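> How does the following fold in three dimensions:
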Amino acid sequence: MMAEVEEKVDQPVVKEGMLIRKGQNGKPEVVILGFIPADQRKFTYNFVFPLSLTIARIAEKYGGRPYATGLYYTQIAAKILGKKRLKVLRAFKAQADPAGILNPGKVIGNGLLSPGGIISNALIAANTFEPLLRPFGNAVISTVGESIPDTPIRNIPGDVARYAYACSQCGYCVQECDQYYGRGWESQSPRGKWYWLREYLEGREEWDQFMVDTFLVCTTCELCNLRCSAVLPIEPSWMKLRGQLIEEEKRMTFPPFEMMAAALTDQGNIWAGYRRERDAWFPEDLREKHSGRKAKAVYFAGCTASYVEHDIGMATVRLLDEAGVDFTYVGKKENCCGTPMLVAGKWEVFAETMKKNIAAVKAAGGDMVITSCPACNMMWRHTYPEWCKKLGIEYEITAKHYSEVVAEKVRSGEFAFPNPQDAGKQGSKGERETVKVTWHDSCHMGRVSHIYEEPRDVIKAIPGVEYVEMEYNRDTAHCCGSVLTLIKDPPIAAVVGKHRLDEAVEVGADKVLAACPCCEFQLRVSANKKPVPVEVVDLARFCSEALGYDFPDPHPEVKAQWAVFEAMIALMTPQGFAALMGTMWPELIDAMPLGMGAMLRQMGKVPGALEAMKPVFPVLFPKLLPLMMPKVMPTMLARVAALIPMPDYMIEQMPDLMPKVMDNLMPHMIDDLVPLVTEPMIAYLKEM
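This next block holds a predicted model:
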């Protein structure tokens, strides 16, 4: 079959094959996917396309069949799928989608005269003329290889625009995308996004906030990069679009990122904690040995370990110290690694933060950074060098995760975990009951930095531990659902997180060990929201407990911080701000400039007067709100403090943070906000 394809098709054909154990009729089948490189934007594409018919006819000649119906083969669905399966599919379609909204005309078809039916019949008819069409396709001269445009197309970077058309729409990325299985919409998958970009590039779609959010919400897990049959750099392409949309075009990023940016700029972290408290977690008995001095290795704790999950930082430095690692810690000079600002598209804030961190490490005499957080490690290991090269900054710093450092010590025999003297009792240093654990491969630690075996080696070096592997591990490991999904859509993040936790339950694990503070935070939140009987434990904590150390329980602080975070996410939406404004109409009306408030109060007494003004409000409010906000800010802050269970240090900073957040958000939200507040405001004025 393949020899005949080579003989009859002169265009390059990329072939990919796979063996299916149970194909049609329960027998093994070989599936061959063929790709003919051709540019659909060129007229010659229409000549090359019929060559797919040539290959299909050759395959059928040797007993093959189309592996699916798609849109083109719906009229012969019974032959391809089998009559029994087709009957089941049609019954399900009628029940689940009676209006025929989803994938209209695809898979099972919807009539001879429907668009799908016409296309399918046309393709079947074209088979008759395949021998006549073949020479035209073979005559086209195709250029194979990268050809990246130098200039953007409709403000889309040239390489990203090319990749949009290079996507073969094979669908390998769809099932593995956490945004797809978390939401259920193919438009959220890479294939759906590439297709939308094509529509945008051809002028049939335009950006709106929903589509901006669709690209921003990607968790950057990078699983799609490995699944892509065309080996497209999917996640890096979405990253470029983040910078284009947010930094260059000044569109709105996720609102919580504005609060993080304000806190980071002011205090150097994303949790709105005070800089003076950044090193409060550091063990006092280790300060003289590992803090405030110069060393080649610098420990970088990160924001979440410093302000929320203190056990991560405490356990990491204990473990490194016990392993005989010489390191220092820069303490209050440490800033956020910048990952949140990078993925938020706020690249100027990211660059400034990066420069501060590099300066702090160099001042401490360091040329290697040891991290707890995989995202911090990704910044120091990959992103900082790339940006420094782009900005002309000397770097020369390497990075390691602490599991790599400890694994090296274990392998060399320089460090070992103590053997329990009584496996059934706790008491002496290092003793614990046998426990069954599994390992969660963080996306940024695994697929980005390829740190797979070191944490497993460290776990297996601990006596009394039974290690079990989840079905999806290493390169295939599923994302926890944190980062952007958690910030934008907490309910979706919980669905994604439960997927991962269920995998741990399936292999009988008592504990899920992880190294990423954000993964741990997200998985703990998911376990609370979608009760899953498994405990999430930090790797460094687990290791240091085997050395006899005790650490504070992170769960209370995680729950407290998440309560703040979730409430803040709900507030920073048009609906949330509308509800907030509904609690402060007297103050808002009084704050209106030029006597507008008094005028509106008088109009409220005249029947129909305020209704007549409704068309003016969308024009009026954007001009009035910036003038009103400074006057009502004290009231707003008091209402926010009453609504959200913020810690004292955050309440103290809100007078500085909230105005910056409102200045950045309101210009983007005002069009959605005005319709939500108009009727409530009219109702209030009428009741006065």
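> Tell me if residue 369 really is in a strand.
Yes - assessed with DSSP: H, G, I helix; E, B strand; the rest coil, residue 369 lies in a strand.
> what's the burial count for it?
The tally of other residues near residue 369 (other CB atoms under 10 Å) stands at 25. C-beta coordinates here come from the backbone N, C-alpha and C atoms, glycine included.
> Give the other helices and strands that the longest helix seen in the chain contacts.
Determined from DSSP state H, the single longest helix within the chain is helix 648-687. Secondary-structure packing of helix 648-687 (3 or more CB pairs under 8 Å, 6 or more residues apart in numbering; DSSP states H and E): helix 255-267, helix 574-581, helix 585-591, helix 596-603, helix 609-613, helix 617-643.
> now, of those helices, which is deepest in the fold?
helix 255-267 (a mean of 22; mean count of other CB atoms under 10 Å).
> Which residues does the next helix or strand after that one contact?
Of the helices and strands lying after helix 255-267 in sequence (DSSP states H and E), the nearest is helix 287-290. The contact list for helix 287-290 (CB atoms under 8 Å, 6 or more residues apart in numbering) reads 299, 317, 321, 327, 328, 329.
> who's in contact with the third one?
With contacts taken as CB under 8 Å, 6+ apart, residue 321 has the following neighbours: 286, 289, 290.
> CA-only coordinates of the helix or strand where it lies in CSV, if you can.
Here residue 321, judged by DSSP H and E, is contained in helix 310-322. The C-alpha trace of helix 310-322 is given here as CSV (Å, rounded to 0.1, in the frame of the first residue of the first chain):
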residue,chain,number,x,y,z
HIS,A,310,5.8,27.9,55.6
ASP,A,311,6.6,24.2,56.0
ILE,A,312,7.9,24.1,52.5
GLY,A,313,10.7,26.6,53.1
MET,A,314,11.4,25.4,56.6
ALA,A,315,11.7,21.7,55.6
THR,A,316,13.8,22.5,52.5
VAL,A,317,16.5,24.4,54.4
ARG,A,318,16.5,21.6,57.1
LEU,A,319,16.9,19.0,54.4
LEU,A,320,19.7,20.9,52.6
ASP,A,321,21.5,21.5,55.9
GLU,A,322,21.3,17.8,57.0
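> quick one: the helix or strand that it is followed by to chain centroid distance?
Under the assignment DSSP H and E, the closest C-terminal helix or strand after helix 310-322 is strand 328-329. Taking CA atoms, centre = their mean, to the nearest Å, the mean C-alpha location of strand 328-329 is offset from the chain mean by 31 Å.
> Name the next helix or strand downstream of strand 328-329, please.
Per DSSP H and E, strand 328-329 leads on to helix 339-344 as the next helix or strand towards the C-terminus.
> Mind checking the pLDDT average for that following helix?
Throughout helix 339-344, pLDDT has a mean value of 92.
> what helices or strands is it leaning on?
Using 3+ CB pairs under 8 Å, 6+ apart: helix 339-344 touches helix 234-242, helix 255-267, helix 347-363, helix 374-378.
> for those, which one ends up most surrounded?
Highest mean neighbour count of the helices and strands packed on helix 339-344: helix 374-378, a mean of 28 (counted as mean count of other CB under 10 Å).
> Any chance you could list what contacts that helix?
300, 302, 337, 339, 371, 399-401, 442-445, 448-449, 451, 483, 515-516, 518-519.
> Just the ones of those in strands?
Counted as lying in strands by DSSP state E, out of the contacts of helix 374-378, are 300, 371, 399, 400, 401.
> would you turn those into JSON lines with distance to residue 649, pLDDT and neighbour count?
Shown next, in JSON lines, are those (distance: CB to CB, whole Å; pLDDT from 0 to 100; neighbours: other CB atoms under 10 Å):
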{"residue": "300", "distance to residue 649": "23", "pLDDT": "97", "neighbour count": "26"}
{"residue": "371", "distance to residue 649": "25", "pLDDT": "97", "neighbour count": "27"}
{"residue": "399", "distance to residue 649": "30", "pLDDT": "97", "neighbour count": "21"}
{"residue": "400", "distance to residue 649": "32", "pLDDT": "97", "neighbour count": "21"}
{"residue": "401", "distance to residue 649": "30", "pLDDT": "97", "neighbour count": "28"}
